[in-house]
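In: Build the 3D model from these lines:
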Amino acid sequence: MSLSLIVFAGFYPPSRYAIQYADTLAQALDGRLVLLHVNRASLFDPNDLLAQGYHQQELERQTDTAAILYQQAEGLRTVATVEVATDLLPAVAQDLANRYQPALFVLSQPDEARPAAADLVTACAEILRAGNYPLLVVAPNTPTDHPPRRILIAADREPFALTADAQALRPLLALPGTEVFVAHVSSGVEDDEGCALALRAVQASSLVDGLPVPELRGFEHENYAEGLLAAVQDLRADLVVVLARQRSYVGELFHRSVTAQLLARCPVPVLVLPVAAEVPSGESPGFNTAVQNVTAVLSGLAPAS
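Out: The predicted model follows:
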């Protein structure tokens, strides 16, 4: 079954970059393309609070938008279909994922110069991450004429297993000419053991099965997200892969904060792969790691000075 790339479509430059990038990936992976347009994103359906018939009127007003998207689709190299919804709701995301499985949702990076558009992108990303869907966020000015060639997998000591939808992204790492790296970021100390465990976790997940052993690189930085951004620059990576884990409340806050920083600031596309389940590693995280995680969470919750 071919991969479906569901890209959030619009007519401004960030969305157009995302569409072109998704088109290139779909071509390389022999996938399908879906152009999705939404006006809002919400956990609850706002139409439940509105007068009857308003939702239908709003849908009718989107007829012109859908027609232009179909015209846009005709200019792509991949055959594309169009979906229009007034609101991205958890149920809408689930319906799309069910109908176009396996599905990868593709978004443009939030544009701080356009706050309303950035808020919509962020809200969509949060709904998709909460639903455990694979998510690709495309940075502005990303080259769209070729798929990624230097892929950085951000990994830590913990073993993991990918969801079935995330496994469908494995062919991306196996495209001709692709180099894969594993990066481990530590704080306060050079952690060679942690680097080795990170590589072992990636290999045990089957994410790189059949590929040459990825080159392993360690980076030391007090801020995990900043360390990953330094790794991107050092390795000249053109795609970053991060894992969306199911964790305890504090651990989840820490990793959501890191992912949010990457999605907003990374100069290259970020692919978020959901983890199906934690795999017992037979050891507990070290005290220093736990302190670093809690400190990062508290720092993220502190009010800006």
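In: From residue 240, how far out is residue 145?
Out: Distance, residue 145 to residue 240, using CB to CB, to the nearest Å: 20 Å. Every residue, glycine included, has its C-beta placed from N, CA and C.
In: Can you give me the buried ones in the helix or strand hosting residue 195?
Out: Element membership of residue 195 [criterion: DSSP states H and E] is helix 192-204. Going by neighbour count (16 or more other CB atoms under 10 Å), the buried part of helix 192-204 is 194-195, 197-199, 201-203.
In: Equivalent analysis for stretch 131-147, please.
Out: 132-139, 142, 144, 147.
In: which one among those gets closest to residue 166?
Out: Minimum distance to residue 166 across the buried residues of stretch 131-147 is 5.3 Å, recorded for residue 134 (CB to CB).
In: so how far is residue 213 from that closest one?
Out: As judged by CB to CB, residue 134 and residue 213 stand 24 Å apart.
In: now swap in residue 244 and tell me
Out: 25 Å.
In: do residue 107 as well
Out: 32 Å.
In: between the two, who's got more neighbours?
Out: Taking neighbours as other CB atoms under 10 Å, residue 107 and residue 213 compare with residue 107 leading, 26 against 11.
In: Show me the beta-bridge partners of that one.
Out: Here residue 107 sits in beta bridges with residue 137, going by DSSP bridges.
In: so who does it touch?
Out: 7-8, 18, 121, 124-125, 128, 135-138 (CB atoms under 8 Å, 6 or more residues apart in numbering).
In: So which of the residues you listed belong to strands?
Out: In strands, defined here by DSSP state E, the members of the contacts of residue 107 are 7-8, 135-138.
In: and of those, the nearest to residue 227?
Out: Of these, the one sitting nearest to residue 227 (CB to CB) turns out to be residue 137, at 18.9 Å.
In: Give me the pLDDT value at the closest one.
Out: You'll see residue 137 listed with a pLDDT of 96.
In: likewise residue 61?
Out: Taking residue 61 on its own, its pLDDT is 84.
In: And for residue 58?
Out: 80.
In: Which helix or strand contains the nearest residue to residue 144 once chain neighbours are set aside?
Out: Closest residue to residue 144 in three dimensions, ignoring its sequence neighbours and counting by CB to CB, 6 or more residues apart in numbering: residue 20, at 3.8 Å. Assessed by DSSP H and E, residue 20 sits inside helix 13-29.
In: And residue 86, by the same measure?
Out: Per DSSP H and E: strand 80-88 holds residue 86.
In: Parallel or antiparallel, list what pairs with that strand.
Out: strand 32-41 (parallel).
In: just checking, next helix/strand downstream of the strand it pairs with?
Out: helix 54-61.
In: now the angle from whichever helix or strand comes after that next one to helix 54-61?
Out: Downstream of helix 54-61, the first helix or strand assigned by DSSP H and E is helix 63-74. For helix 63-74 against helix 54-61, the angle by axes from the mean of the first three to the mean of the last three CA atoms, to 10 degrees is 50 degrees.
In: who's in contact with helix 63-74?
Out: Contacts for helix 63-74 (CB under 8 Å, 6+ apart): 9, 11, 19, 33, 35, 37, 80-82, 84.
In: Next, the buried residues of that helix.
Out: For helix 63-74, using 16+ other CB under 10 Å, the buried residues are 65, 69, 72-73.
In: Mind telling me the two of the residues you listed farthest from one another?
Out: Distance extremes for these: the farthest pair is 65 and 73 at 12.6 Å, using CB to CB.
In: pLDDT below threshold where in the stretch 51-200 of the chain?
Out: 51-53, 55 (pLDDT under 70).
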